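Student: Need the 3D shape of this:
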Amino acid sequence: MAWTFNPFSGTFDQKGSGGGGSAFFAGEVATYADLPLDGTAALNSRWLVRNSSGTWPFPNYRQGGIYIRTSTVGSSRDNDYTLADTKLPDVFADSAFLLYDNGDSTRNLQFDLGSIATGTTSTLTVPASGTIARTSDIPTTFAASAITSGIIATDRLGTGTANGSTFLAGDQTYKAVSGVTTGSVDNAIIRADGTGGSTSQSSDVIIDDPVVAYAVTGDASTDIITAVGHNFTENQRVRFQSLTGGAGLFFGGPGSSTTYFVRNISGNTFQVSTTSGGSAVNFTTNITAGAVLAVQRNVTLRTRKQAFAITADAATDTITATGHTFVNGDAVSFYNLTGGNNLDEVSRWYVIEAATNTFKVSNSLNGTARDITASYTGGTVELEIPLVLGAPRSSALILGDKPDGTIIGGNVRGFGAVDLQTNRNGQNAIASGTFSFIGNGQNNTASGLRAIVVGGTGNTASATDAVVFGGENNQATSSWASVAGGTNNISSGTTSFSAGSSNTMQSAATGAACGRNALGDRDNAWFQATGRFAVQGDAQTVRASLRGKSSSTTAVELFMGFSGDVRFAIPSGKTMAALITVVAATSGGEFANRYVRAVTIANRGGTTALRGAVKDLDTEEQIGGADVTISANDTNDAIRIEFSGVAPVTGCTAAASTDVITKTSHGFSNNDDIVFTSLTGGAGLTANTVTYWVINANANDFQVSATRGGAAVNITTDYSDMTAARLFRVVASLDGVDVGHGT
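Tutor: Now for the predicted structure:
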């Protein structure tokens, strides 16, 4: 028999059995944890658990349903009770399903599905928030967000006449549209109050004419280009796309495209020049197809900040704004003017004769003062900061006026450049490099390819991939040079770095200068200072590393630099004391020698010499016979660090039949790492570039393996002469103190 839950009695019944009911159960409990473990629950007794408990799918989850006590040990419910294969049913008849309030069982919810058409399943969808109301509670009015489809009569939205000449205002009345020009509008201005105006007005949004590509043809005999319907102006910057013919003109992406200036416009025709106002470019074949488009088109969003209350004196044309921060050339606008005459609230004005609490204005940059014919008793002035969004194939994003070659607008931005700074002190203080970036700040310049100035004031990144992260008056002037921050730092060496205050990495130096008044006057070194006596770098510490290889007793000089050919120089007018640590490790890492030396060296007037003796502080050798010498290199005004290795083993021979190398008293032991510096005849071994390990060593012969303790290398042809050597990789660290000469 099937079990059916009776919601009215709160018990299970067996369908058609006539039995069941509450007598079927020994008892019922609220949750699994309430099942008894004592003698009140007999073996094989059935218990109804009305509610599931715990959190699914975690182990503490217990499902509601019928549990049978299958054990009476009493240690745990998991041991004593088993869930029967009878669970709460998933489907109920509408008349049998009843929900009641847990606190008041007289409050019930009953379903009635009698109004649903036969054979139809309706779905009750519960919203993410809100309340499901009864039919009698449905409201007669709706919020606007509740209307998702259908058509609402216009007269239900507001009062007045609704037609093509009116609009619905915020006061829910239809009003006539005025001051709007229909059709195509170039260089239009849309103000925040909805009115239009001329391009000279102060505005919140300026939409320049969009970038349009015009089809072109061209006559090589006259250098005249035809683009029907173009709207270019004299000296406007343009680029070509996908030209067919037109040899001598260039087009394509940012790496290959050339910017031209429009010249000699006549109707649909014009010529182009590579410079503003220059002569026409001579192209040598006719243009039969292609396109031309303007480089600079913008959407300008003007913001306003720094508002000050004003009065204005007609007698002197002077405007008083206590505490203003304007400088000459700032663009400002007025509003809420009281009294007065000859200023307005729609034009853009430029500050001139700025002084403490006062200034005058002109209607052009650096123009003459506006004649105020009647005094103003009140009003507000605001500084305008335009945000210019460049269109495709022009500047990517510019904070500031459209480029116009002035301090306000600045020069043209680089292709794909981003410039977000809020002020500049010259027309060059812009992101002019291709794909350059200025993140914020003021008066910054990013003129190199992919150059970056993250922020700060007066910083310059003028070379390829040069970066200045912030600070003030910092310069990164060489490729891949960078300045982390601070003030007045210069990184002019390739891949050089500086940070702090008044540090300089010179143009021939790759390294880093940090602290205050450090001077990177040598390549591949780290310089740090906390001040100076008289000039940069006359009181600083310096660190460097040098390297070299040795496979014989011949002294090898250690060098710096990417190519290992740069000496550590001692500049004229400096004395340096240094602690030099040299480590010489064999090529396979089996052995290493250590040498520590102290030295003082000076360059006085171009003569470089040691000051005192070189002091041996430590020598630790696993392979004897090697040595380190330190001396002054007066010819190159540098310190000379040399390493001498151990003598190679010459006159070795090798037999292909046994892979054995023979040399009387060779001196090698198993696991020695060696290289062959010369090989005559034979095959199977490699000279100079491969390290081998000695195996099966006897007094007068040995074999070699390509790995430590590995199998012997297969020598396929006899060698008649071989030289085996210890190859040392040698690195020296120099930790020094620079002292400049002077009083």
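
Student: so how far is G426 from the nearest residue to V412 once chain neighbours are set aside?
Tutor: Leaving aside its chain neighbours, V412 sits nearest to P403 (4.6 Å; criterion: CB to CB, 6 or more residues apart in numbering). C-betas here are computed from N, CA, C, even on glycine. P403 sits 13 Å away from G426, taking CB to CB, to the nearest Å as the criterion.

Student: From the neighbour counts alone, determine which of these two ranks first.
Tutor: The residue with more neighbours, out of P403 and G426, is P403; 25 against 12, by other CB atoms under 10 Å.

Student: Would you confirm that the more buried one contacts G409?
Tutor: Yes: using CB atoms under 8 Å, P403 makes contact with G409 at a distance of 5.2 Å.

Student: Could you count how many residues lie near T686?
Tutor: Residues near T686, counting by other CB under 10 Å: 13.

Student: Local confidence estimate at it?
Tutor: Model confidence at T686, expressed as pLDDT, equals 96.

Student: pretty sure it is touching F676, no?
Tutor: Yes: in terms of CB under 8 Å, T686 counts as a neighbour of F676; the distance is 7.5 Å.

Student: Which parts of the stretch 301-450 of the chain are strands?
Tutor: Taking DSSP state E, counting those that start in this stretch to define them, one finds strands in the stretch 301-450 of the chain at 311-313, 318-320, 331-341, 349-355, 358-362, 374-390, 397-399, 418-419, 437-438, 445-446.

Student: Over to the stretch 151-300 of the chain?
Tutor: 166-168, 174-176, 188-190, 205-207, 214-215, 217-219, 224-226, 237-245, 260-266, 269-273, 287-294, 298-309.

Student: Among those, which comes closest to I319?
Tutor: Ranking the strands of the stretch 151-300 of the chain by proximity to I319 (CB to CB) places strand 298-309 first, at 9.6 Å.

Student: for this protein, what helix or strand is lowest in average pLDDT?
Tutor: Averaged element by element with mean pLDDT, DSSP states H and E, the chain has its least confident helix or strand at strand 188-190 (a mean of 40).

Student: Tell me what T173 is bridged to.
Tutor: T159 (DSSP bridges).

Student: And for it, the neighbour number?
Tutor: The burial count for T173: 13, using other CB under 10 Å.

Student: Could you verify my assumption that it touches G158?
Tutor: Yes: counting by CB under 8 Å, T173 touches G158, with 5.5 Å between them.

Student: Quick check: N524 touching V566?
Tutor: Yes: using CB under 8 Å, N524 is in contact with V566, at 6.0 Å.

Student: can you pull the contacts of the spatially most central residue of the chain?
Tutor: In the chain, the residue lying closest to the centroid (CA atoms, centre = their mean) is V454, at 10.5 Å. V454 makes contacts with 439-440, 467-470, as judged by CB atoms under 8 Å, 6 or more residues apart in numbering.

Student: one more time with 7 Å
Tutor: For V454, the contact set (CB atoms under 7 Å, 6 or more residues apart in numbering) comprises 439, 469-470.

Student: And for G229?
Tutor: The contact partners of G229, by CB under 7 Å, 6+ apart, come to 214, 268.

Student: M560 now?
Tutor: Here M560 is in contact with 523-524, 544-546, 566, 568 (criterion: CB under 7 Å, 6+ apart).

Student: What pLDDT is listed against it?
Tutor: 91.

Student: repeat for K402
Tutor: K402 carries a pLDDT value of 64.

Student: same check, this time on V126
Tutor: With respect to pLDDT, V126 has a value of 74.

Student: quick one on the thing from earlier: can you tell me which of the strands of the stretch 151-300 of the chain the model trusts least?
Tutor: strand 188-190 has the lowest average pLDDT among the strands of the stretch 151-300 of the chain, namely a mean of 40.

Student: ok, which stretches of the stretch 551-700 of the chain are strands?
Tutor: 556-557, 568-569, 574-586, 592-604, 607-610, 615-620, 627-633, 638-644, 649-655, 660-662, 673-683, 692-695.

Student: domains of this structure?
Tutor: Here the domain parsing of the chain from automatic domain parsing is 1-116, 214-296, 299-386, 395-516, 542-644, 649-725.

Student: Nearest to A162, out of the ones you listed?
Tutor: The closest approach between A162 and any of these, judged by CB to CB, belongs to domain 299-386 at 31.2 Å.

Student: How far off centre is the closest one?
Tutor: 40 Å (CA atoms, centre = their mean, to the nearest Å).

Student: do stretch 452-471 as well
Tutor: Distance of stretch 452-471 from its chain centroid, counting by CA atoms, centre = their mean, is 15 Å.

Student: just to revisit the earlier point, winner for burial among the strands of the stretch 301-450 of the chain?
Tutor: Of the strands of the stretch 301-450 of the chain, the one with the most neighbours on average (mean count of other CB atoms under 10 Å) is strand 445-446, at a mean of 30.

Student: Need the contact partners of that one.
Tutor: 428-431, 433, 436-438, 452-453, 460-462.

Student: residue boundaries of the helices in the chain?
Tutor: 77-80 (DSSP state H).

Student: check contacts around the closest residue to N633 other than its chain neighbours.
Tutor: Of all residues not flanking N633 in the chain, R640 sits nearest, at 4.3 Å (CB to CB, 6+ apart). Shown in contact with R640 (CB under 7 Å, 6+ apart): 557, 630-633.

Student: swap the cut-off to 6 Å and go again
Tutor: By CB atoms under 6 Å, 6 or more residues apart in numbering, the residues touching R640 are 557, 631, 633.

Student: Which one of the residues you listed sits in the busiest neighbourhood?
Tutor: The contacts of R640, ranked by neighbours (other CB under 10 Å): first place N633, 17 neighbours.

Student: Bridged to that residue, which residues?
Tutor: Residues in beta-bridge contact with N633 (DSSP bridges): A638.

Student: and L685, how many neighbours does it have?
Tutor: By other CB under 10 Å, neighbour count at L685 equals 20.

Student: next one: phi and psi at it?
Tutor: phi -120, psi 160 (degrees, to the nearest 10).

Student: Quick check: G54 vs Q63, distance?
Tutor: 9 Å.

Student: Can you add distance to A153 and give the domains of the chain back as CSV?
Tutor: Output for the domains of the chain, formatted as CSV (distance: least, CB to CB, whole Å):
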stretch, distance to A153
domain 1-116, 31
domain 214-296, 44
domain 299-386, 37
domain 395-516, 45
domain 542-644, 80
domain 649-725, 90
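
Student: For G740, find the nearest of the ones you listed.
Tutor: Going by CB to CB, the one of those nearest G740 is domain 542-644, 5.6 Å.

Student: quick one: average confidence on stretch 66-83?
Tutor: Averaging pLDDT along stretch 66-83 gives 85.

Student: re the thing from before, which of the domains of the chain sits most buried?
Tutor: Ranked by mean neighbour count, these are led by domain 395-516 with a mean of 22 (mean count of other CB under 10 Å).

Student: Can you check the pLDDT for S720?
Tutor: Value for S720, per-residue pLDDT: 96.

Student: Could you measure from it over to T680?
Tutor: On the measure of CB to CB, S720 and T680 end up 5 Å apart.

Student: still on that earlier bit, between the contacts of M560, which is nearest A41?
Tutor: Nearest member of the contacts of M560 to A41, counting by CB to CB, is S545, at 82.4 Å.

Student: In contact with the residue lying closest to S498 once chain neighbours are set aside, which residues?
Tutor: Closest residue to S498 apart from its sequence neighbours, by CB to CB, 6+ apart: N489 at 4.1 Å. Neighbouring residues of N489 by CB under 6 Å, 6+ apart: 474, 483, 498, 503.

Student: Name the nearest residue to the first one, sequence neighbours excluded.
Tutor: Beyond its immediate neighbours in the sequence, the residue positioned closest to N474 (CB to CB, 6+ apart) is V483, lying 4.2 Å away.

Student: Beta-bridge partners for the one you found, please?
Tutor: V468, S498.
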